[in-house]
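In: Would you be able to build a 3D model of this:
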Amino acid sequence: MSPALDHINLSSIPRVSTPEEIKVRIEAAVPGAKLTLVRQASPCGQHSLLVDHAHAVAVARFLRDDPQLRLDHVTNMAGVDWPDAVVKTKVKKMVLKEGKEVEVEETIEALRSGYLEAVYHLYSMALKHGPVILRLRTENRSDKVSVPSLTPVWRGAEFQEREAYDLYGILFAGHPDLRRILMWDEFTDHPMRKDYVEPDDYEYEPTPHDVLVDKARRHPAAGGQA
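Out: The predicted model follows:
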């Protein structure tokens, strides 16, 4: 428990539990912050908050320091790849049919441009509640893939942000040591991207085994046919 809370009756602290409530508190405490409630349709119903880049660090500090939240621990930070996709939305409208107005359902298709996300699951070790899920989103998947680092607020995010950088290519502005953590320094791709194409030579594999043997034999460098 935080030393500042050693002599406080935790049951006396008003709890803020829902993302909707937390969103309201953030907007009141961090002027100009732009937050979007991202609803989760699965049975767990873990809705999340998407925050704009300009206010992300200030929002993170509020979540950590607010007496009713005290979100002092990042239990998990994950990267997510969202490629370009066609999004289908069903809408209802009134149409004239045989002289009568009737309601019909229509499906509208729209192209959604791809982006990357950094998703933080926050808990309070001090107040024993969570998770609160915070999202940061890049502008695209190509040349605008930067989001603010939240490591200056939660030091436990340092290695996890490095992993998201390594595997997804998300750049974390303000990170104290942003470099690869799983792949080697000379590696030029991001293996968790959904459009990642694995190499066929496996030159880094010192002892090819199982399916890798056949792939290595077919590689032109080995005298085979690609």
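In: contacts and neighbour counts: CA atoms only from here.
Out: OK.
In: quick one: the strands in the protein?
Out: For the chain, the strands defined by DSSP state E cover 35-38, 48-51, 73-82, 85-97, 100-112, 115-124, 129-137, 146-148, 171-173.
In: so can I have JSON lines of those strands showing mean neighbour count and mean pLDDT?
Out: Below are these laid out as JSON lines (neighbours: other C-alpha atoms under 10 Å; pLDDT from 0 to 100):
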{"stretch": "strand 35-38", "mean neighbour count": "16", "mean pLDDT": "96"}
{"stretch": "strand 48-51", "mean neighbour count": "22", "mean pLDDT": "97"}
{"stretch": "strand 73-82", "mean neighbour count": "18", "mean pLDDT": "96"}
{"stretch": "strand 85-97", "mean neighbour count": "11", "mean pLDDT": "88"}
{"stretch": "strand 100-112", "mean neighbour count": "11", "mean pLDDT": "89"}
{"stretch": "strand 115-124", "mean neighbour count": "23", "mean pLDDT": "97"}
{"stretch": "strand 129-137", "mean neighbour count": "20", "mean pLDDT": "95"}
{"stretch": "strand 146-148", "mean neighbour count": "21", "mean pLDDT": "98"}
{"stretch": "strand 171-173", "mean neighbour count": "18", "mean pLDDT": "98"}
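In: ok, now how distant is the most far-flung residue of the chain relative to its centre from N76?
Out: Taking C-alpha atoms, centre = their mean, the residue of the chain most remote from its mean C-alpha position is G99, at 50.6 Å. Distance, G99 to N76, using C-alpha to C-alpha, to the nearest Å: 58 Å.
In: same deal with H53?
Out: 20 Å.
In: got it, and V153?
Out: 14 Å.
In: Ok, Y123 next?
Out: Distance, Y123 to N76, by C-alpha to C-alpha: 10 Å.
In: now A28
Out: Using C-alpha to C-alpha, we find A28 at a distance of 27 Å from N76.
In: Ok, G114 next?
Out: 23 Å.
In: give me the number of residues near L71?
Out: Applying other C-alpha atoms under 10 Å, we find 27 residues neighbouring L71.
In: Report the contact partners of it.
Out: Each residue near L71 by C-alpha atoms under 8 Å, 6 or more residues apart in numbering is listed here: 63-65, 122-125, 130.
In: Tell me how far D214 lies from Y196.
Out: Separation of D214 from Y196 (C-alpha to C-alpha) stands at 20 Å.
In: Equivalent analysis for R61, please.
Out: In terms of C-alpha to C-alpha, R61 sits 35 Å off from Y196.
In: More neighbours: these two, which one.
Out: More crowded of R61 and Y196, by other C-alpha under 10 Å: R61, with 18 against 11.
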